[in-house]
Structures are given as C-alpha cells and as structure tokens.
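**Student:** Give the three-dimensional model of this entry:
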Amino acid sequence: MGIDLNGLNGYPVGLNPNLKVNSYGKFVYFGNSKNVDTFQSTSPVRLFEEAEIKKMIANSPDVQKILSEHKIPVRLNMKELHELRDGHAKETQDFAVAIANNLPPALRQQVNIKDLKDGALLHDFGKVLIPPEILNKNGSLTEDEHKIMDLHTELGYYLLKTTGVNDKVLDLVRNHHDNYSDNSTGRSYIPDINLQILNIADKYSALTEKRVYKDAYAPQRALTVIYGDVQRGEVHPFLFNALVKSIQDNTLQPPVKKC
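**Tutor:** Numbers count the residues shown, from 1 in each chain. Purely as a prediction, here's the structure:
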C-alpha cells in the first residue's frame with residue numbers, strides 16, 4: 001500500500017530527524033529550494049549570477065578600493081562573464097584535467113582535481129569588472145590598459161573571498177599567471193602542481209581560440225610557443241609532456257571556434 005506524503009509536510013522521515021518532507025509536495029529535497037538543493041550549493045556555477053556578484057562587491061572593501069584607486073566604474077560585464085564560463089574557462093578546465101590525467105603517477109597523486117577544476121572555471125572571474133572597451137579591444141593594449149587588465153586576478157580573488165570558496169581555489173585564481181617562482185619579484189610562495197597545470201592549460205586554451213585581436217593558433221603552433229616557456233624554465237617538462245600526450249591521444253583538442 002502506498003503512503004500519501006501530502007499530509008506529512010514538516011515531519012521527520014524514518015529514523016533521521018534531519019530529513020523531512022518539505023512544503024513542495026510529494027518529493028523530499030535536501031535543501032530549502034525546489035530548484036537548488038543544498039548538495040548543489042558547492043558548485044562554483046552558482047557564483048556567475050548577477051545578484052551574487054553584486055553581493056560580493058558590497059561585501060568586499062578590497063574590491064571597492066581597487067575600483068576606486070584605478071577609477072574603474074562599477075559595470076558588470078555579465079555577457080562576457082557567461083561567455084568566459086561556457087567557453088575559455090570550461091575549455092581550460094577540460095584541458096587542465098586532461099593534463100593532470102597524463103602526468104606520471106607520482107605527480108598525478110599530488111593533484112587535487114576538485115580544486116583544480118573549480119580554480120580553472122573561476123580563474124578569470126575578475127574580468128566581470130574589467131571595462132569592456134579594454135577587455136574586448138581590437139588591438140594591442142596600452143601600458144595603462146595592461147595594468148587594468150592585470151587587475152582581474154586580484155579582483156577575482158577578493159570577489160570570491162566573500163563567498164566561502166576555499167583558500168586553495170582562491171590561490172589558483174589570484175596566481176594563475178604566476179606559475180613559477182621568480183626571486184626578482186620578492187614573492188615568497190612556491191607554485192604547486194595545481195597552479196602550474198592551470199597556468200599551462202589556460203595558456204594553451206588562450207592560444208588555440210580566436211579572439212578579437214588574433215586568430216586561433218593551430219595546436220602545433222601553440223605547442224611551439226609553450227615549448228619556449230619550457231626552455232626558459234617557466235614550465236616543467238613533465239607538464240609539457242603531459243600536454244603533448246593529451247593532444248596525441250586526442251583527449252585535448254580545441255573545439256571548433258565560433259567566429
């Protein structure tokens with residue numbers, strides 16, 4: 001005989017007093033929303049909503065200070081952010097996982113795939129506050145424009161810091177352009193394997209996609225550029241080999257780009 005749950009709203013189910021039938025009817029949900037359950041709330045995808053980003057700005061004096069000091073107006077580039085999420089950031093995430101999976105076992109064990117995937121998806125999050133005339137400029141950036149563009153790492157870090165994103169992921173967002181230790185900068189940190197993977201995945205994705213200021217590079221040309229980084233000691237040979245193996249195994253192929 002079936003049990004009609006309509007009359008049981010708000011009552012414990014079974015022996016677990018924390019699991020209750022809620023007011024949505026016959027289905028048991030894990031959270032307070034029919035559309036977004038608690039177990040989904042850890043996904044970084046939730047952070048790409050305009051209302052969420054406005055709360056981040058309001059809750060971050062550091063973001064407000066950066067914008068004020070550089071005279072950057074508060075304009076949310078939601079279209080660009082969503083294109084990044086579904087395009088470059090998703091590709092970078094896929095590329096990073098492919099590279100990690102092709103590392104030698106001893107190195108692969110040091111990779112935190114969850115943090116790496118979240119960091120890859122969020123690495124350019126701060127670009128939501130970069131003026132679109134700089135973000136989408138059809139040509140070379142001036143020195144001042146470069147300085148503003150470079151702020152996207154700090155802006156992303158401080159925006160996401162208000163959301164409960166863990167420190168490892170925050171470090172990936174803040175440092176994804178700094179994949180090697182340079183004594184001349186006075187930086188004291190040593191990039192871990194996750195950051196180095198993110199850096200090379202980000203660069204490969206950027207090189208192989210069409211942008212307003214350049215055509216997409218073929219994989220071989222992109223590899224030649226990155227191999228120059230290897231020769232300068234800026235990319236570890238094991239990572240480069242994993243990148244090459246991913247391409248050879250057809251697990252890392254840039255999709256057809258929309259012009």
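
**Student:** neighbours around the closest residue in space to L223 that isn't next to it in sequence, how many?
**Tutor:** Spatially, and ignoring its direct neighbours in sequence, L223 is nearest to V244 (6.6 Å; C-beta to C-beta, 6 or more residues apart in numbering). Where C-beta positions appear, they are placed from N, C-alpha and C, glycine not excepted. Neighbours of V244 under the rule other C-beta atoms under 10 Å: 17.

**Student:** go on, D202?
**Tutor:** D202: 24 neighbours (other C-beta under 10 Å).

**Student:** now do the one 10 residues further on
**Tutor:** Residues near V212, counting by other C-beta under 10 Å, number 9.

**Student:** Next, the contact list for it, please.
**Tutor:** N136, K137, N138 (C-beta atoms under 8 Å, 6 or more residues apart in numbering).

**Student:** go on, H82?
**Tutor:** H82 sits next to F48 when contact means C-beta under 8 Å, 6+ apart.

**Student:** can you pick the most crowded of the contacts of V212?
**Tutor:** Counting neighbours by other C-beta under 10 Å, K137 comes out on top of the contacts of V212 with 15 neighbours.

**Student:** Tell me if I'm right that that one and E145 touch.
**Tutor:** Yes. Assessed by C-beta atoms under 8 Å, K137 is found in contact with E145 at 7.0 Å.

**Student:** Report the set of residues contacting both of the two.
**Tutor:** Counting by C-beta under 8 Å, 6+ apart, no residue touches both K137 and E145.

**Student:** Name the nearest residue to L151, sequence neighbours excluded.
**Tutor:** Nearest non-adjacent residue to L151, counting by C-beta to C-beta, 6+ apart: I66, 6.2 Å away.

**Student:** and the one you found, helix, strand or coil?
**Tutor:** State at I66, reduced to three classes by DSSP: H, G, I helix; E, B strand; the rest coil: helix.

**Student:** Against L121, how distant is it?
**Tutor:** Look at I66 and L121: by C-beta to C-beta, to the nearest Å, they are 22 Å apart.

**Student:** got it, and Q64?
**Tutor:** Going from Q64 to L121 by C-beta to C-beta gives 25 Å.

**Student:** quick one: which of these two has more around it?
**Tutor:** For Q64 versus L121, neighbours defined as other C-beta under 10 Å are more numerous around L121 (23 against 14).

**Student:** OK, contacts around the more buried one?
**Tutor:** Counting by C-beta under 8 Å, 6+ apart, L121 touches P44, V45, R85, A89, K90, T92, Q93.

**Student:** Okay, buried residues for the helix or strand containing it please.
**Tutor:** According to DSSP states H and E, L121 maps onto helix 113-122. Residues of helix 113-122 classed as buried: D115, L116, K117, D118, G119, A120, L121, L122 (neighbour count, 16 or more other C-beta atoms under 10 Å).

**Student:** what's the first one in contact with, if anything?
**Tutor:** Applying C-beta under 8 Å, 6+ apart, we find D115 in contact with N166, K168, V169, L172, N194.

**Student:** Quick check: chain neighbours aside, which residue is closest to it?
**Tutor:** Leaving aside its sequence neighbours, D115 sits nearest to K168 (C-beta to C-beta, 6+ apart; 4.6 Å).

**Student:** Would you mind measuring from the one you found to H123?
**Tutor:** K168 is 13 Å from H123, where distance means C-beta to C-beta.

**Student:** Contact partners for R85?
**Tutor:** Shown in contact with R85 (C-beta under 8 Å, 6+ apart): V45, F48, L121.
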